[in-house]
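Participant: fold the stuff below for me.
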Amino acid sequence: MSTFYVVATPIGNLKDLSERAKTTLASVHTILCEDTRVTKRLLDAYGIKTQTLSYHQHSNLLKINKISALLEQGHDLALVTDAGTPAISDPGGLLVQLLLKQFGNALTIVPIPGSCAVTTALSAAGFSADRFTFLGFPPQKNGRKKYFDELASFPHTVVFYESTHRILKTLAEIDVRLPDRPLVVCRELTKLYETIYRGTATQVTEQLQSSSIKGEFVIIL
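Facilitator: Below is the predicted model of the structure:
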């Protein structure tokens, strides 16, 4: 039976791709990508010629059947996301689940570790990570109040993601519930404009408003 590799890729700095990941991506039959254009830039940087196939949250049953057929034909596949570790707040987790349901122990799943925004942010936060809760992205509309109410109830470290367009709204939600709780906001980790903001929600908001609010964010409380 085939092998299915789950391969972590850089979250910004291309030099963070491990040697094992390079070897794996160069040796498999097909690489499944969240966005083939993003992955092509990574592959081109290392001269990797492996063919790619898109797989993302909107992929339909026909795409999943095609992936299953490749595995049945004995082809090894690799799954990557645009940045970081597949299945961490990413639709790759559903694909792994579906393939295990179909093939069971006949399919070997091999994780190739590497970059992950959650652990990268935690390593620089200065907060205890002996125990933490990861909450993915907050809902955009329905369930948003419940999400932040729940977040405020955790006594230990909490980590989640947020986008450029909602970061200030999210900090306002935190300020209402936890005005004095220290937090860390990491922007554009490993990239050229990497910035780490520290303070209360109000203090971090002031820091963000005095700079360019662009990029991807990891928030840690």
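
Participant: where does this protein have low pLDDT?
Facilitator: Of all residues in the chain, none has pLDDT under 70.

Participant: ok, 90 please
Facilitator: Within the chain, the segments meeting pLDDT under 90 span 1, 56-64, 89-93, 140-141, 210-215.

Participant: show me where it has helices.
Facilitator: Assigned by DSSP state H, the helices in the chain fall at 19-27, 36-45, 61-72, 92-103, 117-125, 144-153, 167-177, 201-209.

Participant: could you dump those helices to TSV with distance to Gly215 and mean neighbour count?
Facilitator: For every residue, glycine as well, the C-beta is placed using N, CA and C. Output for the helices of the chain, formatted as TSV (distance: least, CB to CB, whole Å; neighbours: other CB atoms under 10 Å):
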stretch	distance to Gly215	mean neighbour count
helix 19-27	24	16
helix 36-45	16	15
helix 61-72	30	14
helix 92-103	23	16
helix 117-125	11	18
helix 144-153	22	14
helix 167-177	9	17
helix 201-209	11	17
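
Participant: do you know which of the ones you listed lies nearest Ser54?
Facilitator: Nearest of these to Ser54, taken as CB to CB: helix 36-45 at 5.3 Å.

Participant: follow-up on the earlier one: make TSV from the helices of the chain and add distance to Leu189 to it.
Facilitator: Putting these into TSV (distance: least, CB to CB, whole Å) gives the following:
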stretch	distance to Leu189
helix 19-27	18
helix 36-45	17
helix 61-72	30
helix 92-103	20
helix 117-125	5
helix 144-153	21
helix 167-177	14
helix 201-209	15
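
Participant: quick one: closest of the ones you listed to Gly12.
Facilitator: Among the helices of the chain, helix 117-125 comes nearest to Gly12, with 9.2 Å by CB to CB.

Participant: what about dumping the CA coordinates of the closest one to PDB?
Facilitator: Taking C-alpha atoms only, helix 117-125 is exported to PDB below (Å, rounded to 0.1, in the frame of the first residue of the first chain):
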ATOM      1  CA  ALA A 117       2.700  29.300  13.700                       C
ATOM      2  CA  VAL A 118       1.300  28.100  17.100                       C
ATOM      3  CA  THR A 119       4.500  26.700  18.500                       C
ATOM      4  CA  THR A 120       6.700  29.400  16.900                       C
ATOM      5  CA  ALA A 121       4.600  32.100  18.600                       C
ATOM      6  CA  LEU A 122       4.600  30.200  21.900                       C
ATOM      7  CA  SER A 123       8.400  29.800  21.900                       C
ATOM      8  CA  ALA A 124       8.800  33.600  21.900                       C
ATOM      9  CA  ALA A 125       5.800  34.600  24.100                       C
END
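
Participant: need the residues that contact it.
Facilitator: 11, 83-84, 88, 129, 132, 134, 157, 159, 161, 184, 186, 189-190, 196, 216, 218, 220 (CB atoms under 8 Å, 6 or more residues apart in numbering).

Participant: from those residues, list just the buried residues.
Facilitator: Among the contacts of helix 117-125, those scoring as buried are 11, 83-84, 88, 129, 132, 157, 159, 161, 184, 186, 189-190, 196, 216, 218, 220 (criterion: 16 or more other CB atoms under 10 Å).
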